[in-house]
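> turn this into a structure:
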Amino acid sequence: MPRDASDTRQQLIDAGRRLFARNGVYQTPLKQIVEDAGQKNASALHYHFGGRGGLLAAIIEGNNGHIESDRKEMLDSFGTSASLNQLVQAVIYPLARQMKTSDGLEFIIIISQLQDKFRLWDTATQTPPQALRTFHAISEQLAGELDVATRRERIELFLNLVVSSLSARARQRLRGEEPELLGQDFIENLVTMSVGALQAR
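Reported below is the predicted structural model:
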């Protein structure tokens, strides 16, 4: 891809991420993204991404590469006997580490708008492989006490809890607010709550 085309593509991704986070994935007019990216060609977004769905996929893919690599490293270090607490960490920590930059904060806010898709975690082809590996391992941890349908729903509700919590914190950060529970304390509390919810009887 020529450098000019590559630059245009990245400018559209950056503008899309900002506006999707601020105004909503499905509420933001595509024309506004093109204008915010400084593009004069109204068809630039469709040329590079085919439409809203393609742009959204590119934004998510840009962050998922780092998340998946981070998650794989954690899972490999835990080995085959990972505890439920460690598996929950492998879900939460890579997402939380994205929140060190404004781009990452915007990414978290965007994925929180896609929670209606979390129920498809074990069937959607878009579920990243390391995430799927972690979810299946969590399901196996719960297999002794819960049936398959309940385990599937527990994991969906767990994902909703995690992403909603991180998104609320991301919005606070972007507004410049100082939360009461900071950094690692917040993450560890979220891990503890998640483990408790998953294994509740």
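> hmm, what's the outermost residue in the chain?
Residue farthest from the centre of the chain, counting by Cα atoms, centre = their mean, is Lys40 at 31.1 Å.
> before we move on, what SS does that one have?
Under the three-state scheme (DSSP: H, G, I helix; E, B strand; the rest coil), Lys40 adopts coil.
> what's near enough to touch it?
Residues in contact with Lys40 (Cβ atoms under 8 Å, 6 or more residues apart in numbering): none are found. No exception for glycine: its C-beta is placed from N, CA and C like everyone else's.
> equivalent analysis for Ile187, please.
Contacts of Ile187 by Cβ under 8 Å, 6+ apart are 92-93, 96.
> now do the helix or strand of the chain with the lowest mean pLDDT: which elements does it pack against?
Among the helical and strand segments of the chain, the one scoring lowest on mean pLDDT, DSSP states H and E is helix 3-23, with a mean of 91. With contacts taken as 3 or more Cβ pairs under 8 Å, 6 or more residues apart in numbering; DSSP states H and E, helix 3-23 sits against helix 30-36, helix 44-49, helix 52-78, helix 102-112.
> same thing but 10 Å
Packing partners of helix 3-23 (3 or more Cβ pairs under 10 Å, 6 or more residues apart in numbering; DSSP states H and E): helix 30-36, helix 44-49, helix 52-78, helix 102-112, helix 148-174.
> that one: which residues count as buried?
Buried residues in helix 3-23, defined by neighbour count with 16 or more other Cβ atoms under 10 Å: 8-9, 11-21.
> in a markdown table, list these along with distance to Ser112.
Below are those laid out as a markdown table (distance: Cβ to Cβ, whole Å):
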| residue | distance to Ser112 |
| --- | --- |
| Thr8 | 28 |
| Arg9 | 25 |
| Gln11 | 24 |
| Leu12 | 22 |
| Ile13 | 19 |
| Asp14 | 19 |
| Ala15 | 20 |
| Gly16 | 16 |
| Arg17 | 13 |
| Arg18 | 16 |
| Leu19 | 15 |
| Phe20 | 11 |
| Ala21 | 9 |
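> who touches stretch 74-87?
88-91, 93-94, 130, 133-142, 191-192, 194-195, 198-199 (Cβ atoms under 10 Å, 6 or more residues apart in numbering).
> first vs last residue of that stretch, how far apart are they?
9 Å (Cα to Cα, to the nearest Å).
> mind listing what's buried along it?
Residues 74-75, 82, 84, 86-87 are the ones in stretch 74-87 that count as buried (16+ other Cβ under 10 Å).
> picking up where we left off before, report the buried members of the contacts of stretch 74-87.
Here, 16+ other Cβ under 10 Å leaves 88-91, 93-94, 130, 133-135, 137-139, 141-142, 191, 194-195, 198-199 buried among the contacts of stretch 74-87.
> can you give the distance of the least confident helix or strand of the chain from its chain's centre?
Centroid displacement of helix 3-23 relative to its chain, using Cα atoms, centre = their mean, to the nearest Å, is 18 Å.
> over to stretch 75-88?
20 Å.
> so that it lines up with my notes, have the first residue be 39 from now on.
All right, first residue 39 from here; so that's stretch 113-126.
> next, the distance between the ends of that stretch.
With Cα to Cα, one end of stretch 113-126 sits 11 Å from the other.
> make TSV from the helices and strands packed on helix 41-61 and add mean pLDDT and distance to Gly221 to it.
Below are those laid out as TSV (pLDDT from 0 to 100; distance: least, Cβ to Cβ, whole Å):
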stretch	mean pLDDT	distance to Gly221
helix 68-74	96	31
helix 82-87	95	35
helix 90-116	96	17
helix 140-150	96	14
helix 186-212	95	10
